[in-house]
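J.: Predicted model and sequence follow; I will ask about them next.
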Amino acid sequence: MIARVEPLTTTRRLSGPFDYAADGLALQPGSIVRIPFGHQQLDGVVVSLAETTDVPAEKLVAPTSTREDTVPPDLVDLALWMAEEYCSTPARALAIVTPPPGKAKTFFYAEPTGETGKLTDKQRELMERLPGPAGKDLAALRRLEARGLVTIGERTERRTPRTNVTEDRTHDLTAAQQQALDAIDAGGSHLLHGVTGSGKTEVYLRAAQAALARGEGVIVLVPEIALTPQTVARFQARFGDTVALLHSALSEGERYDEWRRLRTGEARIAVGPRSAVFAPIENLGLIVVDEEHDASYKQDGDPRYDARHVAAFRAYQSGARLVAGSATPRPETVHTMHSLRLPARVETGAPRKPLVFADEPGAPGVIVGGARSAPAISARRPDGLPPVRILDMREAQHALHPETRRAILASRKSIVLLNRRGWSNFLSCKTCGKAWECPRCDVALVLHRAQHEIACHHCGHKEPVPKRCDACGSLAVARHGAGTERVEHELRQMLDVPIFRLDADTTQAKDAVPELLARFHAAPAGLLLGTQMVAKGHDFPDVTLGVVLDADSTLRFPDFRAEERTFALIAQLAGRAGRGPKGGRVLVQTRSPDAPSILAAANHDSDGFLREELARRRAHDYPPFADLIRVVTSATAPEPARAAAVAIAEQVKVPETELLGPAPLFRLRDRDRYQLVLKTHQRGAAIHAVGVAVEEAARTKAFKEVNFSVDVDPV
């Protein structure tokens with residue numbers, strides 16, 4: 001018997017699988033083996049078994065060892081599909097689905113046998129503490145075991161991840177929730193399109209309960225585990241230890257134990273971010289993708305998989321039901337999946353009474369400070385969503401509009417979103433115009449005043465804040481723009497309530513995010529300020545005000561998804577306000593008050609926005625009406641990167657495909673970069689052609705110092 005093994009290496013210049021002798025070894029597809037490979041030993045995964053080989057008998061060797069844990073065969077097939085679908089390598093894809101390293105944590109446990117005998121005082125005291133762990137008393141217990149007075153066995157101790165504790169909140173389903181659940185139970189793939197607070201999580205819970213009753217397993221994907229603690233807590237409250245968590249913040253031992261519980265069937269529900277889509281669950285019956293619009297479902301490193309796309313393939317592979325949920329779904333999802341609607345918030349507390357702000361001019365929805373006005377929004381929306389007002393900042397001199405200041409002062413609990421961290425966006429010399437840039441990347445350095453440094457948000461380069469211009473000697477160094485650090489400083493001067501800042505600068509420590517959110521949740525009054533983290537799935541019933549600062553900043557990105565991201569960010573932040581009986585409202589500060597995406601978000605008009613966005617996408621032949629593939633080459637000098645990109649472009653010839661580039665990208669981490677973009681109506685053929693071209697270029701001696709990156713469906 002021959003085992004075909006993929007060595008787990010990262011190089012593109014190696015093409016497996018390789019044949020090894022398997023006689024006398026209990027191997028199967030998914031077995032993890034240690035193999036001799038050249039002059040080294042490598043780990044590998046058996047991808048198939050065969051009865052013949054082209055390798056001469058004298059050169060055929062056997063694996064040196066076999067790991068106890070194995071990759072389920074369906075995950076082997078999934079990894080091989082991913083390698084092709086994302087122009088990666090089988091080894092890189094298999095490395096993602098292999099179990100985490102580790103082994104079970106065991107301890108010795110002693111029990112009295114019931115036999116009696118003469119005991120010393122210390123032995124009698126020891127016997128009185130049994131049954132229990134042996135601990136430091138193992139040697140003494142061994143002597144008692146030899147006399148037949150106790151039995152000692154080995155037990156496994158589970159390393160349990162730390163999670164939030166909550167009670168199981170359940171309620172009767174609304175008619176819309178019941179209709180959605182019935183459709184999900186009937187099978188197939190569905191988009192659960194529900195406004196924020198409409199009870200999507202309860203539908204997920206009921207669907208999971210039905211899957212367990214059928215003897216099936218469940219995968220629940222959330223964007224980021226630390227930012228969606230309520231979802232995780234509710235699944236654990238409803239299903240207890242049958243829920244396992246899978247995410248990178250766990251310790252190695254916790255991650256192994258949770259994986260093992262799923263592999264053995266002890267746990268039947270896996271909850272986690274994108275990597276949880278690879279949970280080793282047999283008889284998979286349901287996959288839930290919560291907040292499916294979130295960009296964090298896209299993997300940054302090779303293979304650059306999209307967990308939403310992988311979830312769809314895995315559901316097809318296993319015949320499982322697939323549910324993608326969001327209040328602001330992607331146009332691609334709306335176009336391709338059957339929609340189930342939850343049009344209004346669920347009333348779970350006392351009846352809502354809208355807040356009255358008699359001292360403020362204008363009706364909800366009016367653009368304050370501008371000549372034009374947005375469509376008015378009723379102060380008593382029938383769907384339970386908060387009214388939204390747009391504040392025109394085109395003539396503003398400060399980061400906060402006067403209306404925003406008054407609203408924050410009047411609110412006990414509020415959330416403020418500014419999708420930019422640091423103090424100032426960039427520094428420049430007023431005399432000669434020099435701007436301070438990263439020496440490794442072609443981007444501006446951001447001022448972080450608390451750390452007395454300017455830093456690159458791409459490579460991490462840092463340097464002291466300049467006191468004078470090193471080009472002309474001028475002391476006139478100007479600071480431009482405002483980030484969360486600067487806004488926090490301004491807010492602290494005007495408020496006497498705690499301010500909780502949530503961004504990448506304040507949450508680097510382990511468990512920092514859930515601890516900060518828990519403190520804000522418990523505080524009787526406070527303000528949560530942060531980047532897009534503050535808009536992700538939080539449920540704070542006592543928040544009565546949401547504020548979006550510089551709402552049009554995402555519109556300025558050269559990205560065809562800019563309108564979609566702007567709409568989703570505003571709508572999601574709006575969904576954090578007014579969930580409790582006091583109701584709430586939202587203020588949106590912008591220099592583009594007439595932007596269609598901002599107006600649509602202010603009106604909570606998801607249908608209108610999606611209709612216009614899909615029409616625009618169709619007109620410009622963007623996804624979902626075409627597929628995009630991006631190839632990036634990089635090197636320590638411009639010419640090799642450019643030449644490699646040209647070589648790939650010359651080889652890729654696919655019908656119904658537009659090739660854009662090669663074009664230079666900004667330098668990143670001391671590497672010059674070039675990119676190609678394919679816009680195609682022949683997805684399979686284009687992926688195959690790109691994969692072949694990149695593999696050939698990677699094996700070309702002239703490009704041995706060039707790195708290649710392929711991104712199918714780039715975000």
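T.: That came through, no problem.

J.: Strands of the stretch 101-250 of the chain, start to end?
T.: With strands called from DSSP state E, counting those that start in this stretch, the stretch 101-250 of the chain shows them at 105-112, 132-133, 150-157, 189-194, 217-221, 243-245.

J.: Same check on the stretch 551-700 of the chain?
T.: With DSSP E, counting those that start in this stretch as the criterion, the stretch 551-700 of the chain has strands at 585-590, 627-635, 657-668, 671-680.

J.: now the angle between strand 671-680 and the third one, please.
T.: The one in question is strand 657-668. Using axes from the mean of the first three to the mean of the last three CA atoms, to 10 degrees, the direction of strand 657-668 lies 160 degrees away from that of strand 671-680.

J.: Walk me through which strands strand 657-668 pairs with, and which way each runs.
T.: Applying DSSP bridges to the sheet, strand 657-668 is found paired with strand 671-680 (antiparallel).

J.: Off-centre distance for the strand it pairs with?
T.: For strand 671-680, the distance from its own C-alpha centre to the chain's C-alpha centre is 24 Å (CA atoms, centre = their mean, to the nearest Å).

J.: which other residues reach that strand?
T.: Here strand 671-680 makes contact (CB atoms under 8 Å, 6 or more residues apart in numbering) with 621-622, 626-638, 641-642, 644-645, 648-649, 652, 654, 656-667, 686, 690, 707, 714. The C-beta positions use only the backbone N, C-alpha and C, and glycine is treated the same way.

J.: Of those residues, keep whichever come out buried.
T.: By neighbour count, with 16 or more other CB atoms under 10 Å, the contacts of strand 671-680 hold 622, 626-635, 641-642, 644-645, 648-649, 652, 654, 657, 659, 661-662, 665, 667, 686, 690, 707, 714 as buried.

J.: which SS class is Ser15?
T.: coil (DSSP: H, G, I helix; E, B strand; the rest coil).

J.: And it, how far from Pro7?
T.: If you measure Ser15 against Pro7 using CB to CB, to the nearest Å, the figure is 11 Å.

J.: between the two, who's got more neighbours?
T.: A side-by-side neighbour count of Ser15 and Pro7, using other CB atoms under 10 Å, places Pro7 first with 21 against 13.

J.: which residues touch that one?
T.: Here Pro7 is in contact with 14, 16, 18, 35, 37, 42-44, 91 (CB under 8 Å, 6+ apart).

J.: same thing but at 7 Å, please
T.: For Pro7, the contacting residues are 16, 18, 35, 37, 42, 44, 91, by CB atoms under 7 Å, 6 or more residues apart in numbering.

J.: next one: Ala276
T.: Contacts of Ala276 by CB under 7 Å, 6+ apart are 219, 221, 246, 270.

J.: Just give me the closest of these to Ser296.
T.: Leu221 (10.2 Å; CB to CB).

J.: Quick one: neighbours of the closest one, just the number.
T.: 27.

J.: What of Pro498?
T.: Neighbours of Pro498 under the rule other CB under 10 Å: 14.

J.: nearest spatial neighbour of it, skipping sequence neighbours?
T.: Leaving out its chain neighbours, the residue that sits closest to Pro498 by CB to CB, 6 or more residues apart in numbering is Gly526, at 4.4 Å.

J.: One more: Val195?
T.: Distances taken as CB to CB, 6+ apart place Ala327 nearest to Val195, at 5.3 Å, with adjacent residues excluded.

J.: got it, and Ala600?
T.: Phe609 (3.8 Å).

J.: Let me know the secondary structure of Tyr91.
T.: Heads up, residue 91 is Ala, not Tyr. Relying on three-state DSSP, one would call Ala91 helix.

J.: Let me see the contact set for it.
T.: Taking CB under 7 Å, 6+ apart as the test, what Ala91 contacts is 6-9, 16.

J.: Would you quantify the distance from it to Arg274?
T.: According to CB to CB, Ala91 stands 20 Å off from Arg274.

J.: what's the answer for Ala641, then?
T.: As defined by CB to CB, Ala641 lies at a distance of 29 Å from Arg274.

J.: next one: Gln41
T.: 31 Å.

J.: quick one on the thing from earlier: adding distance to Lys510 and mean pLDDT as columns, could you present the strands of the stretch 551-700 of the chain in TSV?
T.: Shown next, in TSV, are the strands of the stretch 551-700 of the chain (distance: least, CB to CB, whole Å; pLDDT from 0 to 100):
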stretch	distance to Lys510	mean pLDDT
strand 585-590	33	93
strand 627-635	32	96
strand 657-668	28	92
strand 671-680	31	95
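
J.: TSV for the ones you listed, including distance to Phe560?
T.: Conversion of the strands of the stretch 551-700 of the chain to TSV gives the following (distance: least, CB to CB, whole Å):
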stretch	distance to Phe560
strand 585-590	20
strand 627-635	9
strand 657-668	12
strand 671-680	10
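
J.: so which of those comes closest to Pro498?
T.: strand 585-590 (20.7 Å).

J.: where along the stretch 401-550 of the chain do the helices fall?
T.: With helices called from DSSP state H, counting those that start in this stretch, the stretch 401-550 of the chain shows them at 402-410, 484-494, 512-522.

J.: what's the closest of these to Pro466?
T.: Nearest to Pro466, of these and by CB to CB, is helix 484-494 at 17.7 Å.

J.: in that closest one, what counts as buried?
T.: Neighbour counts over helix 484-494 (16+ other CB under 10 Å) mark 484-488, 491 as buried.
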